[in-house]
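# Here is a sequence together with a model predicted from it:
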Amino acid sequence: MKKVLYIIAGLILISDLIYGFVTDQKTGGFFGFELNIWIHRLIQLALIFLIGWSYYRQVRAKN
């Protein structure tokens, strides 16, 4: 069940990151705070990496 949630969360973050590049945004919101768009994108990349790493560890632990 956790693996499915990791995949869904990763896909949502990736789609939001791509949408941020397609649209002309100056700021991004993170938990109600307005941030520079590049800092917002870096936070999203870090979250994508952490979710991907957690998913990889779970899959690897099963094998």
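Everything's here; your move. Numbering: from 1, shown residues only.
# gap between Gly20 and Gly52?
Per CB to CB, to the nearest Å, Gly20 is found 18 Å from Gly52. In this view, the C-beta of every residue, glycine as well, is placed from N, C-alpha and C.
# An error on my part: the question was meant for Val22.
Taking CB to CB, one finds Val22 at 22 Å from Gly52.
# more crowded one of those two?
Gly52 (16 against 7; other CB atoms under 10 Å).
# OK, contacts around the more buried one?
6, 10 (CB atoms under 8 Å, 6 or more residues apart in numbering).
# Leu35: which element?
strand 33-36 (DSSP states H and E).
# Gly28 too?
Applying DSSP H and E, one finds Gly28 within strand 27-30.
# And for Asp24?
Short version, using DSSP H and E: Asp24 is in no helix or strand.
# Am I right that His40 falls within a helix?
Yes - assignment of His40 by DSSP: H, G, I helix; E, B strand; the rest coil places it within a helix.
# Just the local confidence number for the closest residue to it other than its chain neighbours, please.
Nearest residue to His40 in three dimensions, chain neighbours excluded: Gly28, at 2.9 Å (CB to CB, 6 or more residues apart in numbering). pLDDT, Gly28: 76.
# list the contacts for Gly28?
So Gly28 contacts 20, 34-37, 39-41 (CB under 8 Å, 6+ apart).
# just the buried members of the residues you listed?
Buried by 16 or more other CB atoms under 10 Å: 20, 37, 40-41, out of the contacts of Gly28.
# quick one: buried residues of the lowest-mean-pLDDT helix or strand in the chain?
The helix or strand of the chain with the poorest confidence is strand 27-30; it has a mean of 74 (mean pLDDT, DSSP states H and E). Residues Gly28 are the ones in strand 27-30 that count as buried (16+ other CB under 10 Å).
# That strand: partners in the sheet, and parallel or antiparallel?
Strand pairing for strand 27-30, using DSSP bridges, gives strand 33-36 (antiparallel).
# got the contact list for the partner strand?
Residues contacting strand 33-36 (CB under 8 Å, 6+ apart): 27-29, 43.
# Which of those residues sits closest to Gly10?
The closest of the contacts of strand 33-36 to Gly10 turns out to be Ile43 (CB to CB; 14.6 Å).
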